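Peer 1: Using only what follows, build the 3D model:
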Amino acid sequence: MTLKSKALGAEVKRKVVVNKFTGAKGPVGQMIGFRIEPKVGLVVEIASVG
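Peer 2: Below is the predicted model:
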């Protein structure tokens, strides 16, 4: 996994790029967005497209 960040206006977009993951039961997205919240920690951005 690789961590990447990019400034987008006043916000910083962060993402985890999955390079290789062999233990998944199903497809894993290649890029996963996340943010860090005070007193919470790591929050994974989950989006569903139907």
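
Peer 1: Burial check on the nearest residue to Arg14 once chain neighbours are set aside, number of neighbours?
Peer 2: Take Arg14 and drop its neighbours on the chain: the residue closest to it by Cβ to Cβ, 6 or more residues apart in numbering is Ser5, 4.6 Å away. C-betas here are computed from N, CA, C, even on glycine. Number of residues near Ser5 (other Cβ atoms under 10 Å) recorded here: 9.

Peer 1: hey, where'd the helices end up in the chain?
Peer 2: When assigned using DSSP state H, the chain turns out to have no helices.

Peer 1: what ranges of it fall below the confidence cut-off?
Peer 2: 19-21, 24, 27-31, 47-50 (pLDDT under 70).

Peer 1: can you pull out the strands in it?
Peer 2: Taking DSSP state E as the test, the strands found in the chain are 2-8, 11-17, 31-37, 41-44.

Peer 1: tally of neighbours for the closest residue to Ala7 other than its chain neighbours?
Peer 2: In space, and not counting its chain neighbours, Ala7 is closest to Lys13: 7.9 Å by Cβ to Cβ, 6+ apart. For Lys13, the number of neighbouring residues by other Cβ under 10 Å comes to 14.
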